[in-house]
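# Whatever this is, show me its structure:
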Amino acid sequence: MKDSRWAAMQVTVAGKNEVETVYVNINSLAKRLGIKKEDIFKAIKDHKLENLVSEKVKTRLEEIQREKPPVASAIKPSTLPLHSFIERVKGALVDAWWSFTTGSWDLFRFRFLVSASDDQLQEQGQLRALTAYHNAQERVPHYKHFLAEKKAQNVEQFDQIPPMSKKEYIQTVKVDKELFVDGKMPESGQLDSTTGTTGEPVVWARSTQELEMTKKLMAMAKKAKYGDENLVIVNTFALGLWATGVTLAGAGSEQGLIGNVGMSSDYLEKTVGLIKKSYLNHPERPIVLCGYPPNVRKIAEAIKNDPLLKDKQLNLHAIVGGEGMTEDLRKDILGKGFKTVYSSYGASDLDINIGYETDTEIAIRKACMKIPALADELYGGGPPPMVFHYDPLHYFIETTQDGKLLFTCCRKERASPRIRYNLQDSGKVMLCKDVVSILKKYGVEITPRTNLPFLFVHGREGTVQYGGAKIHYEHLDEAIRAIDTQHEVNQDRFALYKPRETDQLEFWLEATTPAAYQNLLANKDEMQKKLIEKIRASNTEFNKVLEIGAVTYPQVRIFKPGESPMSHYHRQNPQRKLQRVVYNDAEVTQRLTDFADTHTVTTGSYPK
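Model (predicted):
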């Protein structure tokens, strides 16, 4: 012990199984954990200080969880009986209704003009999902085997059906054709692949029939958003085998002219060139730029700086997907001449355009940013997740008890059925009327054009656990945008770094230029302080974890331009999405050691 204000504690270092001696300030310990000083001195005398602190930390973390306001409930999973003849007949009738109303645009609109309550829409989706289940259970060889392995051939309710996943279902098949209806791969259609962002890429086969339905639904979405006028679509999603880009390439030609630029090294020049050509020939024709949010931002910047285009009133729109988008990023793109920027939700395992974003969903996100209590009640607080509306007759979506989303594709055209498929996306679904009611409590009035349910998506990548708090890359993104007024941090090269099975957390930043790197180094302690303060302000869980002070203080690691693991990953995987979370596997650890002169890390600790 250094003096009467300090106490020595023996602690086990997470991930190392080593015991170290650390010194803690008695006054600070008493204040942070609410312990009387006399109790601390007694514990020191009895050699039980470690036990006392451990017990108080556990109690305080439990109190934090209880202090959180109750979060609005998601739609309950379906308890529809699987073997009811009446329900199967009703499911067949809803199937027929869907087929009839997707026959044309007018019939599609007619479906939404016919009054159906929120609960009726949900029931219709359940009935279509029931029909999809029986189709898979009776006709897909691997699904029969999957149910048998799970001892689920005779379950009674829809919510008792074991969820599928890529790992437990897709990757366990011995012969690919057994994933398809009647054990037959499509004779014609499309082969595409995942990007492999969350593991090894998987190749999918889509039949001509399901591709035709995708085109039809895309045409209706286009008509709802942009009317009758033909578009100029610039597709900057990854091409080759990548699912989103190649599916859009196939379907987009029926919506107007499409330029499939992809993510080639010169995509900026090619995209700006196409937009110039379109503007010169058809100045009023809508141009819809499709791509990942960071790439669309770069293109918007290039357009703004182009001598010919920078002062023109372009009819520019953007549809982004593949990852979440902050409202600051949307505002940035809109500020560079775009009239609208909307997100679309989908997955290569399923389909593109499952969830749609409109002005209603954007208004909900903005309201949550302004009213923290509303954010707490809707989804638990912090930066807003992506919010979409979806058609439960197209995809029936459920929320599990641990907050995962399960997807059942209700379309009979699907060659390889998906029944309660777990993408590992976190989020929830809520009825339109419930969301509108909660908004009204906080004085927010919105009038959705339809009563389709809402889908809240936090995503798969981009979230880490830190002392019981969830930190999302959007927390870091928003903090950087607020603090980095000189644009010294590369907006495409930042990440959360989380050593597995430890309580450590680092914010990784890559400098834009050598001069920016030197300036960031000179002010690294101030950058650490500001980043943490900004994230604390937007994330109540993170703030409370730091108030307790029971975990290692977050550090900031700054990299030279082009030298971060994020840049190294992008050079190796130019077609994949940006890396937002880095874990300390052997390769990353070795790289940090081998290139120690390319980065520096802060050493700041809890304020005394």
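# measure Cys290 to Gly322 for me?
10 Å (CB to CB, to the nearest Å). Backbone N, C-alpha and C define where each C-beta goes, glycine included.
# who touches both of these two?
Common contact partners of Cys290 and Gly322 (CB atoms under 8 Å, 6 or more residues apart in numbering): Phe237.
# Does the nearest residue to Gln575 once chain neighbours are set aside belong to a helix, a strand or coil?
Residue nearest to Gln575 in three dimensions, not counting chain neighbours: Ala238, with 4.1 Å by CB to CB, 6 or more residues apart in numbering. Secondary structure state of Ala238, per DSSP: H, G, I helix; E, B strand; the rest coil, is coil.
# What count of nearby residues applies to Ala238?
Applying other CB atoms under 10 Å, we find 25 residues neighbouring Ala238.
# again, but for Cys368
If you count neighbours by other CB under 10 Å, Cys368 ends up with 26.
# can I assume it sits in a helix?
Yes: counting by three-state DSSP, Cys368 is located in a helix.
# which residues sit in contact with it?
For Cys368, the contacting residues are Leu374, Ala375, Leu378, Tyr379, Pro384, by CB under 8 Å, 6+ apart.
# Could you do Tyr279 as well?
So, once contact is read as CB under 8 Å, 6+ apart, Tyr279 ends up touching Ile287, Leu309, Lys312, Leu314.
# gap between the host helix or strand of it and the chain center?
Counting by DSSP states H and E, the element that carries Tyr279 is helix 267-281. Remark: helix 267-281 is offset 30 Å from the chain centroid, using CA atoms, centre = their mean, to the nearest Å.
# Going by neighbour count, list what's buried in it.
Across helix 267-281, burial judged by 16 or more other CB atoms under 10 Å covers Tyr267, Leu268, Lys270, Thr271, Val272, Leu274, Ile275, Ser278, Tyr279.
# Mind checking which of the contacts of Cys368 are in helices?
Using DSSP state H, the subset of the contacts of Cys368 located in helices is Leu374, Ala375, Leu378, Tyr379.
# just those now: which is nearest Val173?
Tyr379 (35.4 Å; CB to CB).
# Please list all residues in contact with the nearest residue to that closest one once chain neighbours are set aside.
Once flanking residues are discounted, Tyr379 sits nearest to Phe456: 5.4 Å by CB to CB, 6+ apart. Taking CB under 8 Å, 6+ apart, we find Phe456 in contact with Leu378, Tyr379, Pro385, Met386, Val387, Gly427, Lys428, Val429, Met430.
# What of Phe559?
Residues near Phe559 by CB under 8 Å, 6+ apart: Arg493, Trp508, Leu509, Glu510, Ala511, Tyr517, Ser567, Thr598, His599.
# give me that answer again for 10 Å
Residues near Phe559 by CB atoms under 10 Å, 6 or more residues apart in numbering: 490, 493-494, 508-511, 517, 520, 565-567, 592, 595, 598-600.
# ok now stretch 597-608, how far from the chain's centre?
Put simply, stretch 597-608 sits 29 Å off its chain's centre (CA atoms, centre = their mean).
# what number of residues lie near Pro81?
A count of nearby residues for Pro81, using other CB under 10 Å, gives 14.
# Likewise for Gly443?
Gly443 is flanked by 9 other residues according to other CB under 10 Å.
# And the helices in the stretch 101-250 of the chain, which stretches?
Using DSSP state H, counting those that start in this stretch, the helices of the stretch 101-250 of the chain run over 105-113, 118-139, 141-149, 208-226, 243-252.
# quick one: average pLDDT of the fourth one?
I take that to be helix 208-226. For helix 208-226, mean pLDDT rounds to 90.
# quick one: Phe146 from Gln153, how far?
10 Å.
# likewise Lys45?
In terms of CB to CB, Lys45 sits 64 Å off from Gln153.
# Tell me where the model's unsure across this protein.
Under the criterion pLDDT under 70, the flagged ranges of the chain are 1-20, 22, 60-69, 194-201, 459-461, 500-501, 550, 608.
# Give me the domain ranges for it.
The chain breaks down into these domains under automatic domain parsing: 6-67, 71-184+354-457, 189-347, 464-601.
# can you tell me the distance between the two ends of the second one?
Terminal residues of domain 71-184+354-457 lie 15 Å apart, using CA to CA, to the nearest Å.
# got it, and the third one?
Looking at domain 189-347, the gap from its leading to its trailing residue is 18 Å under the measure CA to CA.
# Neighbour count, secondary structure and distance to Lys441 added to the contacts of Tyr279, as a markdown table?
Output for the contacts of Tyr279, formatted as a markdown table (neighbours: other CB atoms under 10 Å; DSSP: H, G, I helix; E, B strand; the rest coil; distance: CB to CB, whole Å):
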| residue | neighbour count | secondary structure | distance to Lys441 |
| --- | --- | --- | --- |
| Ile287 | 24 | strand | 40 |
| Leu309 | 17 | coil | 45 |
| Lys312 | 16 | coil | 44 |
| Leu314 | 18 | coil | 40 |
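# mind putting those residues in CSV, distance to Leu211 included?
Listed next are the contacts of Tyr279 as CSV, based on distance: CB to CB, whole Å:
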residue, distance to Leu211
Ile287, 25
Leu309, 34
Lys312, 36
Leu314, 31
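# tell me which of those is nearest to Asp391?
Ile287 (27.1 Å).
# Please determine how far the closest one is located from Leu274.
8 Å.
# which residues are common contacts for the two?
Common neighbours of Ile287 and Leu274 (CB under 10 Å, 6+ apart) are Val232, Ile233, Val234, Leu257, Gly259.
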